[in-house]
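Student: Below is the structure, and that's it, no one-letter string:
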């Protein structure tokens, strides 16, 4: 019944979102009108395998075909292979993809290799300026490199803390916690508080409920680089470009990360995104840190989506609260942008599809859907009445999401960032697997120094300083 | 007269060369050319994320000797090989002996036993990852039943358990290969020799050492060689189980080469690595073949 009500609400909201404001120029309509001249062709799109691609395959692709007569052929590629696969296709000049899926930290490398088509001429020709002004600054920043626009954002990722309001607001818990720790039981402001709250809840409720269940495998570079900066650590010494990922701040951050596994469920070391979501939805953990779709799924608005049938039925509907992770500066962890391949024979049509998806009108529909993993990236998304009405605490969710975007740390973006990420991910997982954190970080720093030497200290320094001067780099 | 005979001999020789020329050309094209190209690339500076592809001399080769991660990967590969291979040999031999005489449902059981060997290693790795999963997998549940309490072994994430997980998976999948080859070899041991040993009062163990083993030795060595080379190239199941982790603690040579070559685009460096390892392993293989005395 609840699912039906929610689905009706989603349906109504999508219908509302589909109505363009009459007085304003509409980027979606402009894209559709211009694209009709290319009717009959098929665009090839490289997309992240799974739910991301499902959106194009099941929804936006067929809609685009109906509106313009242009087909969409989606090739699904696992996230970790998106960058190498698309680069290889470009190097081979295959023209296999018209549309490419890219993450913010790949832009510098791809631009240097001529793997991205500059979009400014298309924006000038087809774009709507007012819609660009609507993009939240953190995500707008991703789209440009060296003053040129190379991609349009379609998914504004950022980490949030999800917590069980019923546990945190239980008067008995609040009283006992204050008596023990001397401050109010509330979403943790620091990682030290996170550890204390996690232990308090685990001590009281385990094994039925644990204080937290964090992601510990996959994308660990995002989680650790957020912690590292929250503890005051930095990636490099800006003078020498020596890696500082084994500084005392980094060691403290990783040591706490490992120590805090003790208050989490047995086996949490093997948890990825799915396990963490499962445990939250099943009411087995009181806190987790993850990407924005968790809120929609834990609220149960995926009930009728066949593609999401693997998501466990939520037992915590209306019980989940949203907050910034400890430290208050969540990682703007990857996000998704779409770009036009320079090897495409249908550049205009490819751009127009991307503009249509990126537009105010269409993107609002997509960030509200449970399917597709797309998350708010426009001011108008955060403020949309239809989104705010999607479930009772949606306004809290959207406000937290907006704040997270404004205060978040941007991903490190230097030359060949993926090599540094891979190295960091391995070091963190090794520490989680039992290696001494200091030893793991010393090895990491040595690997990073080796990489910097190979790439060229001066070239890398230039790239790093350009990234480090962004306010979102260290939030000092 | 002799001039004419010599002309015919030349024609015959040319005809022979003409006959093998297409095959030789194909061999050169598919085997020698890529090898030469690999060597050329190893002296360049090709990285798919960089457009500079100039000649770099011995830089890539010099890097190899200070690349601790590479040599760790070599050690990991050898470690898995020296543990998994004997286990597979012994289990395969025992199974071979067990199924040598006629038994009820022998054909059905043998057919079932060889199923793991026909499964894709990627699929086998994924399946075992699920089996070892702490939350949903049956392995920890079974151990917990026996222990009488919740046992949480982090098979794929804990350094101490990752190798047992890899070896269990490999042994499960490839023991049947050893079994089927050794059973065939055992079935072909001369029965008269076995009977003679029995008449002479030789024990079962002595008969195995003195009669059976020498008889099946060539086949057994070939089986060991094939599996040994497979293990040196081990990638799929380890990739699915641990992705080479935790950290790079279970990275094999193939996983290391994949990461460096196809995820990090260090094309020239990985070409140099392949050249060096190919030389090392070729020398090793020749030595092993000589010791095994099966070249003839």
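Tutor: That came in fine, so what should we check first? What you see is a predicted model; the values in this text were computed from it and never measured. Numbers count the residues shown, from 1 in each chain, chains lettered A, B, ... in the order given.

Student: give me every residue that touches residue 120.
Tutor: I went with chain A, as the question did not name one. By C-beta atoms under 8 Å, 6 or more residues apart in numbering or on different chains, the contact set of residue A:120 is A:148-149. In this view, the C-beta of every residue, glycine as well, is placed from N, C-alpha and C.

Student: oops, I was thinking of chain B
Tutor: residue B:236.

Student: Roughly how far does it sit from residue B:235?
Tutor: 12 Å (C-beta to C-beta, to the nearest Å).

Student: got it, and residue A:36?
Tutor: Per C-beta to C-beta, residue A:36 is found 48 Å from residue B:235.

Student: ok, which stretches of the stretch 51-200 of chain B are helices?
Tutor: Here the stretch 51-200 of chain B has its helices, by DSSP state H, counting those that start in this stretch, at B:59-65, B:68-98, B:106-113, B:115-118, B:121-132, B:138-147, B:159-187, B:191-199.

Student: Can you list the helices and strands that the last one packs against?
Tutor: Using 3 or more C-beta pairs under 8 Å, 6 or more residues apart in numbering or on different chains; DSSP states H and E as the contact criterion, the secondary-structure elements in contact with helix B:191-199 are helix B:204-207.

Student: average pLDDT for the very next helix or strand once past the helix it packs on?
Tutor: Following helix B:204-207 in sequence order, the next helix or strand is helix B:213-232 (DSSP states H and E). The average pLDDT for helix B:213-232 rounds to 93.

Student: angle of helix B:213-232 against helix B:121-132?
Tutor: 90 degrees (axes from the mean of the first three to the mean of the last three C-alpha atoms, to 10 degrees).

Student: which residues touch helix B:213-232?
Tutor: B:77, B:80-81, B:84-85, B:88-89, B:92, B:170, B:174, B:177-178, B:181-182, B:184-186, B:188-190, B:193, B:253, B:281, B:285, B:288-289, B:292, B:294.

Student: Could I get the buried residue list for that helix?
Tutor: B:215-216, B:219-221, B:223-224, B:227-228, B:230-232 (16 or more other C-beta atoms under 10 Å in any protein chain shown).

Student: Looking at those, spot the one nearest residue A:175.
Tutor: residue B:231 (60.7 Å; C-beta to C-beta).

Student: Count residues in the vicinity of residue 193, would you?
Tutor: I went with chain A, as the question did not name one. 16 (other C-beta atoms under 10 Å in any protein chain shown).

Student: look at chain B instead
Tutor: Quick note: residue B:193 (other C-beta under 10 Å) scores 15 neighbours.

Student: just residue B:207 next, same as before
Tutor: Using other C-beta under 10 Å, residue B:207 has 18 neighbouring residues.

Student: Just give the nearest non-adjacent residue to it, would you?
Tutor: residue B:197 (4.5 Å; C-beta to C-beta, 6 or more residues apart in numbering or on different chains).

Student: so that neighbour touches residue B:212, yeah?
Tutor: No. Using C-beta atoms under 8 Å, residue B:197 is not in contact with residue B:212; the gap is 9.0 Å.

Student: residues in the stretch 51-200 of chain A within reach of chain B, list them.
Tutor: Near chain B, the residues belonging to the stretch 51-200 of chain A are A:80-81, A:84, A:87-88, A:91, A:109, A:112-113 when assessed by C-beta under 8 Å from any C-beta of the partner chain.

Student: Output these as TSV; include the columns neighbour count and pLDDT.
Tutor: Shown next, in TSV, are these (neighbours: other C-beta atoms under 10 Å in any protein chain shown; pLDDT from 0 to 100):
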residue	neighbour count	pLDDT
A:80	17	81
A:81	15	86
A:84	18	86
A:87	20	89
A:88	16	87
A:91	16	86
A:109	25	88
A:112	18	86
A:113	17	87
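
Student: Show me which residues of chain B sit near chain A.
Tutor: Residues of chain B lying near chain A (C-beta under 8 Å from any C-beta): B:48-51, B:69, B:133-135, B:140, B:150, B:152, B:154, B:156-160, B:162, B:244-249, B:259, B:262-265.

Student: Look up how far residue B:57 lies from residue A:244.
Tutor: For residue A:244 relative to residue B:57 (C-beta to C-beta), the value is 33 Å.
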